[in-house]
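[1] Just to be clear, the model below is a prediction. Sequence and coordinates:
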Amino acid sequence: MHILMIFLDGIGLGDDDPATNPFAVADMPTLTGLTNGKRWLKSIGRQDSARSIFIPTDPRLGIPGRPQSATGHAAILTGRNIPQIIGEHYGPKPNPPIRELLAEDNFFKQVVAHGKKAAIINAYPPRLHNAINRGKSLRSGIQQAAHEAGLPLFEDKHLYSGEAMSEDWTGEAWHTHLGYIDTPVFTPYESGIRMVELSRHYDFAFFSHWFTDTVGHRGPFEDAIGLLELFDGVMAGALDAWDDNEGLILVTSDHGNMEAIGDRHHTENDVPTLIIGREKTDFAEGFNDLTDFVPRMAKLLFN
């Protein structure tokens, strides 16, 4: 059994407003096919289908204010109510108290301690590695959790070798934004297949996508629609490649944002959690908020 967690930063369940919410208008036949034809909106409620369970998930964790990335990442990966422990939602990068909590324990560390394999399967460009190594940039909460487990971040050489993927799935962004001319580029469908194939090398594979949060802050609306439709194509490939008996695919987020284009701030909306695989019903039992991932992932992998 293994887990592929697909993390989309900054997507929540918003109003059915075609002027501000791309989820209200994007063409997402694969994703809505998993939720009984219902769009990913505030009104969706829990949806059980043949292959998946969809659960609106609480990122607020009882703390007033707008949820933030660092505390959201840490809650997902520690199973602890990090905003409550430090007394606030905090982000985007983890502060010293959050880093200390991630160092104490997180799911990457648990996987390694059990003699199993884990990785963030993204490739990161040299300028990010250099900035972190020189102390010019902090790791994200997700990256910090992997670092505390002794796991390296993949580099551009791993993108060339096929051992890691671009954060936009297809690899096109390495050409358009990073100036590479010969890194591989795939269709969304091919990218979904590759993501599943890469995940099979690990007991816990984590794919991190932050473009959704960036577009949520900056727009434009058309780019948000394009991201959702691209992800729908990725999931079409992933579902065709995935055997429901091999474990679970988990899709989730840390806070809302892209469902309210034009606001430029995070929302306090629930976030989507999609659970795919044979063990979905057991995993979904009692699932409510971002702290509920770790105990259920541990039960699946370690028991």
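    That came through fine.

[2] Please enumerate the strands of this structure.
    Applying DSSP state E to the chain gives strands spanning 2-8, 47-48, 52-57, 118-120, 204-209, 247-252, 271-276.

[3] now the angle from the first one to strand 247-252?
    It stands for strand 2-8. Comparing the axes of strand 2-8 and strand 247-252 via axes from the mean of the first three to the mean of the last three C-alpha atoms, to 10 degrees yields an angle of 10 degrees.

[4] Kindly reformat the strands of the chain as JSON lines and extend each row with distance to Asn133, mean pLDDT and mean neighbour count.
    To be clear about C-beta, it is placed using only N, CA and C from the backbone, and glycine gets the same treatment. JSON lines is the format used below for those (distance: least, C-beta to C-beta, whole Å; pLDDT from 0 to 100; neighbours: other C-beta atoms under 10 Å):
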{"stretch": "strand 2-8", "distance to Asn133": "24", "mean pLDDT": "98", "mean neighbour count": "23"}
{"stretch": "strand 47-48", "distance to Asn133": "44", "mean pLDDT": "98", "mean neighbour count": "16"}
{"stretch": "strand 52-57", "distance to Asn133": "35", "mean pLDDT": "98", "mean neighbour count": "22"}
{"stretch": "strand 118-120", "distance to Asn133": "17", "mean pLDDT": "98", "mean neighbour count": "25"}
{"stretch": "strand 204-209", "distance to Asn133": "19", "mean pLDDT": "98", "mean neighbour count": "23"}
{"stretch": "strand 247-252", "distance to Asn133": "30", "mean pLDDT": "98", "mean neighbour count": "23"}
{"stretch": "strand 271-276", "distance to Asn133": "32", "mean pLDDT": "98", "mean neighbour count": "25"}
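
[5] Any chance of the ones you listed in JSON lines with distance to Leu301 as columns?
    Converted to JSON lines, the strands of the chain look like this (distance: least, C-beta to C-beta, whole Å):
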{"stretch": "strand 2-8", "distance to Leu301": "7"}
{"stretch": "strand 47-48", "distance to Leu301": "23"}
{"stretch": "strand 52-57", "distance to Leu301": "19"}
{"stretch": "strand 118-120", "distance to Leu301": "10"}
{"stretch": "strand 204-209", "distance to Leu301": "7"}
{"stretch": "strand 247-252", "distance to Leu301": "8"}
{"stretch": "strand 271-276", "distance to Leu301": "15"}
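
[6] hang on, Phe154 packs against Tyr124?
    Yes: Phe154 is within contact range of Tyr124, at 6.6 Å (criterion: C-beta atoms under 8 Å).

[7] Contacts only, for Ala149.
    Ala149 sits next to 106, 108-109, 111-112, 118 when contact means C-beta atoms under 8 Å, 6 or more residues apart in numbering.

[8] Apply 6 Å and report the result again.
    The contact partners of Ala149, taken as C-beta atoms under 6 Å, 6 or more residues apart in numbering, are 108-109, 112.

[9] Need the contact partners of stretch 194-214.
    Here stretch 194-214 makes contact (C-beta under 6 Å, 6+ apart) with 2-11, 111, 116-122, 142, 167, 227, 238, 241-242, 257-258, 301.

[10] Return it as CSV; C-alpha atoms alone will do.
    The C-alpha trace of stretch 194-214 is given here as CSV (Å, rounded to 0.1, in the frame of the first residue of the first chain):
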residue,chain,number,x,y,z
ARG,A,194,3.8,9.9,-14.9
MET,A,195,2.8,11.2,-11.5
VAL,A,196,1.3,7.8,-10.6
GLU,A,197,4.3,5.9,-11.9
LEU,A,198,6.7,8.1,-9.9
SER,A,199,4.6,7.6,-6.8
ARG,A,200,5.0,3.8,-7.0
HIS,A,201,8.7,4.3,-6.0
TYR,A,202,7.7,5.5,-2.6
ASP,A,203,5.4,4.6,0.3
PHE,A,204,4.5,8.2,0.6
ALA,A,205,4.8,10.5,-2.4
PHE,A,206,3.9,14.2,-2.1
PHE,A,207,3.3,16.4,-5.1
SER,A,208,3.1,20.1,-4.4
HIS,A,209,1.5,22.7,-6.7
TRP,A,210,1.6,26.4,-5.7
PHE,A,211,0.4,28.0,-9.0
THR,A,212,-3.2,28.0,-7.8
ASP,A,213,-2.3,30.2,-4.8
THR,A,214,-0.3,32.6,-7.0
